[in-house]
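Colleague: Here is my input; please provide its structure:
(2 chains)
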Amino acid sequence: RKEVEQDPGPFNVPEGATVAFNCTYSNSASQSFFWYRQDCRKEPKLLMSVYSSGNEDGRFTAQLNRASQYISLLIRDSKLSDSATYLCVVNSRSGAGSYQLTFGKGTKLSVIP
Amino acid sequence: DVKVTQSSRYLVKRTGEKVFLECVQDMDHENMFWYRQDPGLGLRLIYFSYDVKMKEKGDIPEGYSVSREKKERFSLILESASTNQTSMYLCASSLGTGGASKDTEAFFGQGTRLTVV
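Modeller: Predicted coordinates:
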C-alpha cells in the first residue's frame, strides 16, 4: 500500500461548485497532516494544516479521520484561481526514527468558467 | 515570512559533471530537505538534515550527496550527473519535525529545473 494516496484527477468543475478531495495514509502513527497547493511550474505552498479532527479557513475545510486514516479537503464556491494541483502531506516517523514529510502525488483541479 | 532561496531557477549540465545545488533559508530552521519532483511520481525525498553537519538519507539518495556546514545552507551535490537526474529539485525547511505542531510545516524554495544532456 502506498504511504500517501490521492486520486490524481483531473477534477474539472464549474465556477461556484463544491469539490472534495480525499487522501489516505498508511502509517497509523502519523501525527501532522497538511494540504499544499502547487501551481504549474511553481513550488508547493502550504494551504492548510490539520492536527486534530479538522480545520476551516474561509472556503476551505480540511478534515482528519484517524480511525480510517484519511484526510479530506473541501473547497466551496470554487473560483478560477483555485485551479492547481493539491498535495496531501503526512508527517510520519521513518524507519530510522526521525520524522519525514511524505507527499501524495497530487490531485489536479481545473475550475471552468 | 520564511524565505527559502535556491541559487538557480534553471540549469543545464553535461553528463558526468559534478553539480552543486544551493539552498539558503533565513528563519533559523533546524531542518532542511531536498526533494525531486517528476511527472507521475510526485515529490520524492532525496536527503534531509536536522542539524548542522547531520544528514539522513531519504527515499532516493543514490547518486546524490549533501552538505550542511552552516545552519542556513543545505547543498545538494550530484557527484556525476546523469540524464536520469534531469528533474525539478525543490529545497524545503521546517522548524521542527516531530509531533503534531505548526513547527512541522515545510516551506519551499522556488525550485531548480535541472537538465542533464
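Colleague: Around chain B, which positions in chain A sit nearby?
Modeller: A:31-32, A:34, A:41-46, A:49, A:51-52, A:87, A:89, A:91, A:93-94, A:96, A:98-106 (CB under 8 Å from any CB of the partner chain). Where you see a C-beta, it was placed from the backbone N, CA and C, and this is true even at glycine.
Colleague: Now the buried members of the residues you listed.
Modeller: A:31-32, A:34, A:43-44, A:46, A:49, A:51, A:87, A:89, A:91, A:94, A:99-106 (16 or more other CB atoms under 10 Å in any protein chain shown).
Colleague: Name the next helix or strand following the helix or strand residue A:21 falls within along the chain.
Modeller: Here residue A:21 sits within strand A:19-25, counting by DSSP states H and E. As assigned by DSSP H and E, the chain's next helix or strand after strand A:19-25 is strand A:32-38.
Colleague: Show me what that following strand is packed up against.
Modeller: Here strand A:32-38 touches strand A:45-50, strand A:60-65, strand A:70-75, strand A:84-93, going by 3 or more CB pairs under 8 Å, 6 or more residues apart in numbering or on different chains; DSSP states H and E.
Colleague: strands paired with the lowest-mean-pLDDT helix or strand in chain A, and their directions?
Modeller: Least confident helix or strand, chain A: strand A:99-103 with a mean of 84, by mean pLDDT, DSSP states H and E. Paired with strand A:99-103 in the same sheet, following DSSP bridges, are strand A:84-93 (antiparallel).
Colleague: Next, the angle from the strand it pairs with to strand A:60-65.
Modeller: Per axes from the mean of the first three to the mean of the last three CA atoms, to 10 degrees, the angle that strand A:84-93 makes with strand A:60-65 is 30 degrees.
Colleague: Quick one: residues in contact with strand A:84-93.
Modeller: If you take CB atoms under 8 Å, 6 or more residues apart in numbering or on different chains as the criterion, strand A:84-93 is touched by A:3-4, A:6, A:21, A:23, A:25, A:27, A:29-40, A:44, A:47, A:71, A:73, A:99-109, B:42-43, B:97-98, B:104, B:106.
Colleague: ok, what's across the strand from residue B:23?
Modeller: Going by DSSP bridges, residue B:23 forms beta bridges with residue B:6, residue B:74.
Colleague: circling back: ok, and what's touching the strand holding residue A:21?
Modeller: With contact meaning CB under 8 Å, 6+ apart, strand A:19-25 is reached by A:3-7, A:11, A:13, A:33, A:68-75, A:78, A:86, A:88, A:90, A:92, A:102, A:104, A:107, A:109.
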